[in-house]
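S.K.: need coordinates for the below:
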Amino acid sequence: MAFDEDSLARRYNLTNFRVRSSTQIASRTAAVISNLTQQTTDSEKSVIVILAADAKVASKLISVVEIVKRDLVSKGLKCFQYNALSSQIVEVPRESKKKKGGGGGEDSPPGDDGADGEEGDEFQTMADPMGATKKRNTPFMTIYLSCVAVKELRAVYG
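M.R.: Numbers count the residues shown, from 1 in each chain. Model (predicted):
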């Protein structure tokens, strides 16, 4: 991240939630709303709810945030949203390479694999020198929700 969350933790109560593909929207929404509305009774520190998700489930994250904002507005509370888009390195399994046959094309008779009667087991396959996984830089979305304006987040994320 572009800023230090420890400085935020000193001034605000931070609550982290991770949205995954198995996360139920209703349960996550209820948890976020309960955390944001508890700050009206607590006068010590304001609450900032941090919601994070991978790119594959960003649509679910956005749905949760929009439902929370709609519910807070219906209760007469203001809601401030700060969006952060970053990336993280994830290890992804490599796809197995398909064998390129020496025949078996469209003009070959059915059942002919182009091996001309040979089994093809006389060659041993070599292990992949690159490894079983590859590293990919994948997008990661973080949304900060608060009922008060946060100057630090506004300066970084707008």
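
S.K.: so Thr142 makes contact with Ser86?
M.R.: Yes - counting by Cβ atoms under 8 Å, Thr142 sits close enough to Ser86 to count as a contact (6.9 Å). Just so you know, the C-beta spots here come from the backbone N, C-alpha and C atoms, and that holds for glycine as well.

S.K.: between those two, point out the one with more neighbours.
M.R.: Thr142 (17 against 11; other Cβ atoms under 10 Å).

S.K.: for the strand or helix carrying that one, packing partners?
M.R.: Using DSSP states H and E, Thr142 sits within strand 133-146. Packing partners of strand 133-146 (3 or more Cβ pairs under 8 Å, 6 or more residues apart in numbering; DSSP states H and E): helix 25-37, strand 46-54, helix 58-74, strand 80-93, helix 151-157.

S.K.: would you turn these into TSV with distance to Met126?
M.R.: Output for these, formatted as TSV (distance: least, Cβ to Cβ, whole Å):
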stretch	distance to Met126
helix 25-37	47
strand 46-54	34
helix 58-74	39
strand 80-93	18
helix 151-157	48
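
S.K.: right, and these - which one's nearest Met130?
M.R.: Ranking the helices and strands packed on strand 133-146 by their distance to Met130 (criterion: Cβ to Cβ) puts strand 80-93 first, at 11.8 Å.

S.K.: strands paired with the closest one, and their directions?
M.R.: Within its sheet, strand 80-93 is paired with strand 133-146 (antiparallel), according to DSSP bridges.

S.K.: and the angle from the partner strand to helix 25-37?
M.R.: 50 degrees (axes from the mean of the first three to the mean of the last three Cα atoms, to 10 degrees).
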